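1. Predicted structure and sequence below. I'll ask about it afterward.
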Amino acid sequence: MPEARTPAQIEADIVRRREQLAETLDEIGVRMHPKTIIGDAKARVASTVDHTAGRAFVAVNRLVTDVRDGLRHDDGAPRLGRIVPVALLAAGVVGLLVVSARRKR
């Protein structure tokens, strides 16, 4: 049979539980405050953007490396048979963009 608690012990438990409840309510108040919710949402968005930007950087870096490696021989000498067509294509795209921009004016 459990020991009977004294009124002082019961009162001390009540005081302790009130303090715990007050702390819990304060924490809920902070978590549910609009500024906290907005700050958390901003942090999640920033994290997602950082993650996405990081993945995009890795993908672009891999693509650039693959293209660069395709334009050189294993010894590092340029492959003119591949560079000339790529340069002509790039010049053509730039030319089309310039002509298109002038027509819009």
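-> Cool, the structure landed.

2. Walk me through the domains of this structure.
-> Taking automatic domain parsing as the domain assignment, the ranges for the chain are 7-79, 80-105.

3. Endpoint to endpoint, the longest one covers what distance?
-> Read it as domain 7-79. Terminal residues of domain 7-79 lie 92 Å apart, using C-alpha to C-alpha, to the nearest Å.

4. give me the low-pLDDT residue ranges for the protein?
-> For the chain, the stretches with pLDDT under 70 are 1.

5. Just give me the longest helix of it.
-> Counting by DSSP state H, the longest helix found in the chain is helix 34-70.

6. Tell me the secondary structure at residue 74.
-> With DSSP: H, G, I helix; E, B strand; the rest coil as the basis, residue 74 sits in coil.

7. same question, residue 4
-> coil.

8. for residue 3, phi and psi?
-> For residue 3, the backbone dihedrals (degrees, to the nearest 10) come out as phi -70, psi 150.

9. what's stretch 31-48 in contact with?
-> residue 30 (C-beta atoms under 8 Å, 6 or more residues apart in numbering). (Glycine included, C-beta is placed from N, CA and C.)

10. Equivalent analysis for stretch 72-85, please.
-> The contact list for stretch 72-85, computed with C-beta under 8 Å, 6+ apart, reads 70-71.
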